[in-house]
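Asks: please find the sequence and the predicted model below.
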Amino acid sequence: MDNLGYLFAAYTIIWIGLAYLVWTAMRKQKANRKEIEILKEKLDEQK
Amino acid sequence: MSHVIECQKISKRFGGNQVLKDFDLTVDAGESVAILGPNGTGKSTLIRILASVMRQSEGKVLINGSEMKDEAFALRSQIGLLSHTGYLYTSLSAEENLKFYAEMYSLKDPEKRIAELLEKVGLRTRRFDRVATFSRGMSQRLGLARALLHSPKILLLDEPETGLDQEGLDLLWSIIKTDDPDRTVVFTSHNFKSTVQACSRLIILKKGKIVYDAPKGDLTEDGLQALYHDVTGGKS
Amino acid sequence: MKTFWKAAFAIAKKDILLELRSKEIISSVLLFAVLTLVIFHFAFTADHETMTQIAPGMLWVAFSFSGILSLNRAFIPEKEDNCMEGLLSCPVGREAIYMGKCLGSFIFMLIVEAVVIPVCAMLFNVDVFNPMIIFITLLATIGFVSVGIIFSALSVNTRAREMVLPILFLPIIVPIIICAVSSSSAILAGGTFEDIKQFLLIIVAFDVIFFTVPLMIFKYVVEE
Amino acid sequence: MRTKIALALGGVLMVVALVMVFIVVPTEATMGNIQRIFYFHVPVAWNAFFSFGVTFGFSIAYLKTRNPKYDFIAESSARIGIVFTTLILLTGMIWAKPIWGVWWTWDARLTSSFVMWLVYIAYFIVRSFITEEERRYRFGSIIGILGFLSVPIVAISIQLAPTTHPKAMIFNDGLHGTMLATLLISIFAMFVVYFLFVFLQYDNCKDAYEIAQLKKKLLKESE
C-alpha cells in the first residue's frame, strides 16, 4: 500500500470506529428504553 | 444529659436497594435494647453504622451527644463490637489476639486486663492455644473478651448466638451481665429465649422501619414469640 | 499522631507474627524469585557481557512477580478470618491500617530482595550487590508496595482476586520498573550518582504521589 | 433532544475536518501525504487524555458524594477514552508502517498511550468482576483516580528511558495557517463526538441502573 492507501486506512478506522461507537450507544439506548417500558408494565400488572 | 446513642434520620443505600430509610432511635445509659426482625431488614447494617464500621448514606449518629463523624476516635474507644465472628486471627493464640487488640486500643496496662478477661470468659487455661483449635463457643467468648478489652460503655452485638448452643449463649450473656451490669447494650438476635432474659427494651424491625418499640415489661419467651409473629407476619 | 504510628506498628507486627507462624509468603515467594532467576539463566544463555546488561531487568522481573504474590496475601488474614471490621471498629484511622499493611509488606519485600540480590550476584557474578543498587531498590520498593497495598485491599473483595492485582498493578508500576532498571544498569556500567539523578527523582516523585493519594482514599476501599 | 443536536453538529464538523485535511491543507514537505494522519492522530490523543481526566474528576466526586450519577459519567467518559486510545494506537501503527517499515515502534508517545490503554482496560475488566453495584462504582473510582495519576509519570519515565526509539513521531509544532486551522477544527470535531457519546452512554448507564432496580422490585413483589 502506498502512502495514500495507509492514509485512507487510518481515516476509515477513525471514522468507522467512532461511528460504530455512537451507533451502538444509540441502539443500546433504544433497547433500554423498551425494556424499561416492559418492566414498568409488568410491575403495574402485579400491583 | 444527652442520650447515649441517638440516630437521626439514618438512611443506608447499597447501590440501588434502600436498607434503612429515615431511621430514628434513642438509647439511654444502662438500657439493654434487643432488635429483632426478619433477615435483610437492616439489623446488622444498623449495628455496623453504630460501630462506625459502616457509613450511613444520610442522617446523623450521635454517641454521648457528639457526632461519630467528628469524634470517631474518642467514640470508638467507648464502643465494643461482637458479631457472628469474634474478629480473631485463627492462626494466632488467644493471648496474641488480645495483645494485638490491646495495642490497637492503646490500653495502659494490657497484661492485667487480658488476664482478668481470660479468667472471666473461662479461657485462662487456653491462653497460649491457637484460636483455630477453639470450639465455636470458646472463640465467641474470646471475641467477647476482645470486645470488652477496653471496658467500653456501649456494647454492640450482632446475632452473637450464631453457631452457639443454648448453654453457650447463656454463658455468654451471664459474662456480659456480670462484667458491667449497667453498661448500655444493643444487640440483634433470632433467639427468643436469651433475648427475653437479656433485654430491658424490645424493638422489632420490618423493612427497615420500627414496627414495635416498648420496654420488655413482663414479657415471656412465648409472649415474645406470639408478639413477634403477629407484628412481622410470621417470617422469622 | 502517636496513635497512628502505634497502630501501624501493631498491625505490621501482627502481620509479621502471622507470617512467621505460617511462613506462607516468605517460603513460596522467595523460592519463586530465585526460580525466576534460574529461568532467566536458561532462557538467556548469554555471555557475561549481556548478562550484566540484563541483570537489573531480571532482578526487577523477579521482584515484580514475587512482589505480586506477596501483596496478594496482604489482606488474606483479614478476609478469611473476617477481622477487617474488627480493625475498623478500633479507635484507629483507616490510614493507620494502610500504613501498617505497607510496613508489613515492605519488610517482606526487603527479605526477598536481601536474598535475591546476593543470589543473583553469585549465580551470574554480576556486581549487583553494591550499596547504590541496594539504595535504588529500596527507594523503588516503597512506591511498589504503596501502590500494591491499596490494590491488594481492593482486589481481595472481588471475584478472581488473584487476577485483579497483577492487571491493575503492573501497568501503573511501569515508571518504577523503568527507572529502577535504567538506573541500576547505569550504575552497573560504571555510572555515578550524577547519571541516575533524574531516574531517582522520578522514583521519589512516584513514591510521594502513590503513597499520599492511596493513604487518603484507602478508607473508601475498606469502608462499605 | 440534545443528542440530536450533538449528532448533527458532530457530523458536520467531521465532514468539514475531512475536507480540510484531504483537500485544503498542503502536504507536508518531509513526510508527504501520510503526515495528514496527524490532523486526526493528535486530536484523538488529546481527547483520550481529556476523557480520562473527566473520569478522574467524577471518580473523586463519586467517592465524596456516593451519588451513582457521577460514576455513570466517569464510566462513560472512560469508555470513549479507551476507544480514543485504541484509535491512537491503530493510527500510530498505520503511520509508522510507511515511514519506518515496521508496524510498531517503541516511540515514547505511542508507548505511553499503550500503557495508558492497559491501565484502562484493567479498569473495565476489574469493574466487570464486581457484581455488587455500590462496590463496583467505588472500586471503579479508586482505579479511575490512581490510573489517571499514573499517565503523566508513565509518559515522563518512558521519555527518559534510553531503550525507547529516540525519533519523535511528530515534527515540532511549527504549524501555521491552514495546518493549524485544520488541526483546531478536527480537535473541535472530536470534542463534539466525545460529548455526543458521553450523553448517550450516560443515559445507557442510568437506564441500566433503573432496569436493575425495576427487576429487583419485580423480584420482591413476586415473593
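Replies: Here it is on my side, so go on. What you are looking at is a predicted structure, and each value in this text was computed from that prediction instead of being measured.

Asks: only C-alpha atoms for contact and neighbour calcs from this point on.
Replies: Fine.

Asks: so for the residue lying farthest from the centre of chain C, what's the pLDDT?
Replies: Ranked by distance from the centre of chain C (Cα atoms, centre = their mean), the top residue is residue C:47, with 29.7 Å. Looking at residue C:47, its pLDDT reads 81.

Asks: now swap in residue B:234 and tell me
Replies: 57.

Asks: now do residue D:163
Replies: On the pLDDT scale, residue D:163 gets 55.

Asks: for residue B:109, same thing?
Replies: Listed pLDDT for residue B:109 reads 89.

Asks: tell me how far the most centrally placed residue in chain B lies from residue B:232.
Replies: Nearest residue to the geometric centre of chain B (Cα atoms, centre = their mean): residue B:157, 1.5 Å. Distance of residue B:157 to residue B:232, given as Cα to Cα, to the nearest Å: 22 Å.

Asks: can you check residue B:95 too?
Replies: Here residue B:95 is placed at a distance of 43 Å from residue B:232 (Cα to Cα).

Asks: where does pLDDT dip in chain D?
Replies: Applying pLDDT under 70 to chain D flags the ranges D:1-3, D:24-35, D:162-176, D:223.

Asks: got phi/psi on residue B:152?
Replies: Reported as degrees, to the nearest 10, the phi and psi values for residue B:152 are phi -70, psi 150.

Asks: neighbours of it, how many?
Replies: Neighbours of residue B:152 under the rule other Cα atoms under 10 Å in any protein chain shown: 19.

Asks: next: residue B:141.
Replies: Residue B:141, neighbours per other Cα under 10 Å, totals 27.

Asks: without its sequence neighbours, what residue ends up closest to it?
Replies: Spatially, and ignoring its direct neighbours in sequence, residue B:141 is nearest to residue B:121 (5.9 Å; Cα to Cα, 6 or more residues apart in numbering or on different chains).

Asks: and the pLDDT for that neighbour?
Replies: Reading off the model, residue B:121 has pLDDT 88.

Asks: do the same with the one 3 residues further on
Replies: At residue B:124, the pLDDT value in this model is 89.

Asks: residue contacts, residue C:162?
Replies: Residues near residue C:162 by Cα atoms under 8 Å, 6 or more residues apart in numbering or on different chains: C:72, C:155.

Asks: could you list the low-pLDDT ranges of the chain?
Replies: Since no chain was named, I'll use chain A. Ranges of chain A meeting pLDDT under 70: A:1-3, A:47.

Asks: I was after chain B.
Replies: B:1, B:15, B:234-236.

Asks: got the residues of chain C near chain D?
Replies: C:154, C:158-160, C:164, C:167-168, C:171-172, C:174-175, C:178-179, C:182, C:199, C:202, C:206, C:210, C:213-214, C:217, C:220-221, C:224 (Cα under 8 Å from any Cα of the partner chain).

Asks: wait, chain B
Replies: Contact residues, chain B versus chain D (Cα under 8 Å from any Cα): B:14-17, B:57.

Asks: sort out for me which of these are in strands.
Replies: Using DSSP state E, the members of those that fall within strands are B:14, B:17.

Asks: which member of the residues of chain B next to chain D is positioned nearest residue D:17?
Replies: residue B:15 (42.5 Å; Cα to Cα).

Asks: with just CA atoms, put stretch C:5-18 into CSV.
Replies: These are the backbone C-alpha positions of stretch C:5-18, laid out as CSV (Å, rounded to 0.1, in the frame of the first residue of the first chain):
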residue,chain,number,x,y,z
TRP,C,5,2.3,5.0,64.4
LYS,C,6,1.4,2.9,67.3
ALA,C,7,-1.4,1.2,65.5
ALA,C,8,0.6,1.0,62.3
PHE,C,9,3.4,-0.8,64.1
ALA,C,10,1.0,-3.0,65.9
ILE,C,11,-0.6,-4.1,62.6
ALA,C,12,2.8,-4.6,61.0
LYS,C,13,4.0,-6.7,64.0
LYS,C,14,0.8,-8.7,63.8
ASP,C,15,1.3,-9.4,60.1
ILE,C,16,4.9,-10.4,60.6
LEU,C,17,3.9,-12.7,63.5
LEU,C,18,1.2,-14.2,61.3
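
Asks: just for chain C, where's the confidence low?
Replies: For chain C, no stretch has pLDDT under 70.

Asks: and with 80 instead?
Replies: Where chain C drops to pLDDT under 80, the residues are C:1, C:24-25, C:45-46.

Asks: got the buried residues for the helix or strand harbouring residue C:113?
Replies: Assessed by DSSP states H and E, residue C:113 sits inside helix C:94-123. With burial defined by 16 or more other Cα atoms under 10 Å in any protein chain shown, the residues of helix C:94-123 counted as buried are C:94-109, C:112-113, C:116-121.

Asks: just stretch C:201-216 next, same as before
Replies: So, applying 16+ other Cα under 10 Å, buried residues of stretch C:201-216: C:202-204, C:206-207, C:209-211, C:214-215.

Asks: and if you look at stretch B:129-146?
Replies: Within stretch B:129-146, the residues scored as buried using 16+ other Cα under 10 Å are B:129-132, B:134, B:136-146.

Asks: CA-only coordinates of it in PDB, if you can.
Replies: The C-alpha coordinates for stretch B:129-146 follow below in PDB (Å, rounded to 0.1, in the frame of the first residue of the first chain):
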ATOM      1  CA  ASP B 129      -3.500 -22.100  72.200                       C
ATOM      2  CA  ARG B 130      -4.300 -21.000  68.700                       C
ATOM      3  CA  VAL B 131      -7.800 -19.800  68.200                       C
ATOM      4  CA  ALA B 132      -8.100 -22.200  65.300                       C
ATOM      5  CA  THR B 133      -8.200 -25.000  67.900                       C
ATOM      6  CA  PHE B 134     -11.100 -23.400  69.800                       C
ATOM      7  CA  SER B 135     -14.700 -24.600  69.700                       C
ATOM      8  CA  ARG B 136     -17.300 -22.100  68.400                       C
ATOM      9  CA  GLY B 137     -18.400 -21.300  71.900                       C
ATOM     10  CA  MET B 138     -14.800 -20.600  73.100                       C
ATOM     11  CA  SER B 139     -13.900 -18.400  70.100                       C
ATOM     12  CA  GLN B 140     -17.200 -16.500  70.600                       C
ATOM     13  CA  ARG B 141     -16.300 -16.000  74.300                       C
ATOM     14  CA  LEU B 142     -12.800 -14.800  73.300                       C
ATOM     15  CA  GLY B 143     -14.500 -12.500  70.800                       C
ATOM     16  CA  LEU B 144     -16.500 -11.100  73.700                       C
ATOM     17  CA  ALA B 145     -13.300 -10.700  75.700                       C
ATOM     18  CA  ARG B 146     -11.900  -8.700  72.700                       C
END
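
Asks: fine, thanks again, bye for now.
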